[in-house]
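Student: Structure of the sequence below:
(one chain, ligands or ions: 2)
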Amino acid sequence: PRKIIIDTDPGQDDAVAILLALASPEDLEVLGITAVAGNVPLDLTQKNARKICELAGKTDVPVYVGCDRPLGRDLVTAEHVHGQTGLDGPDLPDPAMPLQDQHAVDFIIDTLRTEAPGTVTLCPLGPLTNIATAFEKAPDIAQRVQQIVLMGGAYFEVGNITPTAEFNIYVDPQAADIVFKSGVDIVVMPLDVTHKALVTKPRNDAFRALGTPCGVAVAQMTDFFERFDKEKYGSAAAPLHDPCVTAYLIRPDIFSGRKVNVVVETQSELTMGMTVTDWWGVTDRPPNALFIGDLDADAFFALLTTRLARL
Ligand code: BDR
Ligand code: CA
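Tutor: Ligands and ions are numbered 1, 2, ... in the order given. Model prediction:
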């Protein structure tokens, strides 16, 4: 199995991404979960991360608390999508499992220094504050990362929090800039692909039909999450963004994309956090990321449902 650290701001879709990883020990070994401020403030995201581990029955997975605010800006949150708790929908009990004492950033640094070089993959599902802080504090670790597979950004789909920016990148554009310039092998799940991972009614019914606490909670999460997209965009189904990251690590064959150059806008208030993506190769800037544009949605939901059935 591939060793991963999940860096996250749960978030219903973060929760599903984590559950998929925890349900897939033959493919993924979750070394730790690091919480960051994003969809809701840090106090809630760390709590939600532990709720999800408990829901999965995996209370031995260490959960770390990371950065409570972006590098150079005030925190922007998304209660309008995820609800006041960040995990509205199911009624999950307050977590009893402990938090680790170590700071998330130090856990990321120590793990990359201790594990063999090129054997740890980072999976950011929220703003990139923890990852960028670790890279700034310990410049030796970037070259030890196997890969970063992250959810963030957009090209043809442009933006979801501003006209030109995707939420995770917009919240901490400075951090995203550091990560995209790090030289690490990066795979990006932008809105272009996540907007094709739509939880239609039959797919949601399939989660609920698992009949397990986990299956039912996932159906309730996606039900809640969907309300925003239905009201805002009039769409029939909502995109399941973050699980694209963990699904890619298990089934890269069901995704396709292009190696491109991506630069993050950090100056302009108008287009702050925009992922300026050279899809057509019109500059001579070298590719720094594999930008995923498509997936086999049926295979993706089949994978999710069969794996979640194990929890
Ligand atoms: C991203 O923003 C968050 O609201 C979701 O959890 C996802 O990571 C989508 O833009
Ligand atoms: Ca997220």
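Student: From now on I want contacts and neighbour counts done on CA atoms only, so please keep to that.
Tutor: Fine.
Student: and the end-to-end length of stretch 110-125?
Tutor: 21 Å (Cα to Cα, to the nearest Å).
Student: hmm, it in reach of ligand 1?
Tutor: Yes - against ligand 1, stretch 110-125 shows contacts by Cα under 6 Å from any ligand atom at residue 125.
Student: For stretch 26-42, give the mean pLDDT please.
Tutor: Stretch 26-42 shows a mean pLDDT of 98.
Student: Kindly check the end-to-end length of it for me.
Tutor: Span of stretch 26-42 from end to end, Cα to Cα: 31 Å.
Student: how about it against ligand 2, any contact?
Tutor: No - figure legend: stretch 26-42 not in contact with ligand 2 (Cα under 5 Å from the ion); closest approach 6.7 Å.
Student: For that stretch, what is the distance to the chain centroid?
Tutor: Mean C-alpha position of stretch 26-42 versus that of the full chain (Cα atoms, centre = their mean, to the nearest Å) differs by 8 Å.
Student: in that stretch, what counts as buried?
Tutor: 27-42 (16 or more other Cα atoms under 10 Å).
Student: Out of those, which two sit at the greatest distance?
Tutor: For the buried residues of stretch 26-42, the farthest-apart pair by Cα to Cα is 27 and 41; their separation is 31.0 Å.
Student: near ligand 1, which residues of the stretch 101-250 of the chain?
Tutor: Within reach of ligand 1 by Cα under 6 Å from any ligand atom, the stretch 101-250 of the chain has these residues: 125-126, 151, 166-168, 241-242.
Student: Got phi/psi on residue 64?
Tutor: phi -120, psi 150 (degrees, to the nearest 10).
Student: and residue 148, that's in a helix?
Tutor: No - assigned with DSSP: H, G, I helix; E, B strand; the rest coil, residue 148 falls outside any helix and is strand.
Student: For it, give its distance to ligand 2.
Tutor: 15 Å (Cα to the ion, to the nearest Å).
Student: Helices of this structure, start to end?
Tutor: Assigned by DSSP state H, the helices in the chain fall at 12-22, 42-56, 79-82, 104-114, 129-137, 167-171, 173-180, 191-194, 201-208, 213-233, 243-250, 297-308.
Student: distance between the third one and the chain's centre?
Tutor: This points to helix 79-82. 16 Å.
Student: That one near ligand 2 at all?
Tutor: No - Helix 79-82 lies apart from ligand 2 when judged by Cα under 5 Å from the ion; the minimum separation is 9.9 Å.
Student: I'd like the mean pLDDT over that helix, please.
Tutor: The pLDDT scores in helix 79-82 average 95.
Student: Tell me the helices and strands packed up against that helix.
Tutor: Applying 3 or more Cα pairs under 8 Å, 6 or more residues apart in numbering; DSSP states H and E, we find helix 79-82 packed against helix 213-233.
Student: got the contact list for the helix it packs on?
Tutor: 12-13, 16, 55-56, 80-82, 87-90, 199, 204-205, 207-210, 235-239, 308-309, 311 (Cα atoms under 8 Å, 6 or more residues apart in numbering).
Student: any bit of it sitting next to ligand 2?
Tutor: No - interface with ligand 2: helix 213-233 contributes nothing (Cα under 5 Å from the ion), its closest point being 12.0 Å away.
Student: Would you mind listing the buried residues in that helix?
Tutor: So, applying 16+ other Cα under 10 Å, buried residues of helix 213-233: 213-229.
Student: export it as PDB, just CAs?
Tutor: Written as PDB, here are the backbone C-alpha positions of helix 213-233 (Å, rounded to 0.1, in the frame of the first residue of the first chain):
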ATOM      1  CA  PRO A 213     -24.000   3.700   9.800                       C
ATOM      2  CA  CYS A 214     -21.300   4.700   7.400                       C
ATOM      3  CA  GLY A 215     -23.400   4.300   4.200                       C
ATOM      4  CA  VAL A 216     -26.400   6.100   5.700                       C
ATOM      5  CA  ALA A 217     -24.100   9.000   7.000                       C
ATOM      6  CA  VAL A 218     -22.500   9.400   3.600                       C
ATOM      7  CA  ALA A 219     -26.000   9.600   2.000                       C
ATOM      8  CA  GLN A 220     -27.000  12.200   4.600                       C
ATOM      9  CA  MET A 221     -23.800  14.200   4.000                       C
ATOM     10  CA  THR A 222     -24.300  14.200   0.200                       C
ATOM     11  CA  ASP A 223     -28.000  15.100   0.600                       C
ATOM     12  CA  PHE A 224     -27.000  18.100   2.700                       C
ATOM     13  CA  PHE A 225     -24.100  19.200   0.500                       C
ATOM     14  CA  GLU A 226     -26.300  19.000  -2.500                       C
ATOM     15  CA  ARG A 227     -28.800  21.600  -1.300                       C
ATOM     16  CA  PHE A 228     -26.300  24.400  -2.100                       C
ATOM     17  CA  ASP A 229     -25.700  23.300  -5.700                       C
ATOM     18  CA  LYS A 230     -29.400  22.700  -6.300                       C
ATOM     19  CA  GLU A 231     -30.400  26.200  -5.100                       C
ATOM     20  CA  LYS A 232     -27.500  28.100  -6.500                       C
ATOM     21  CA  TYR A 233     -27.000  26.400  -9.900                       C
END
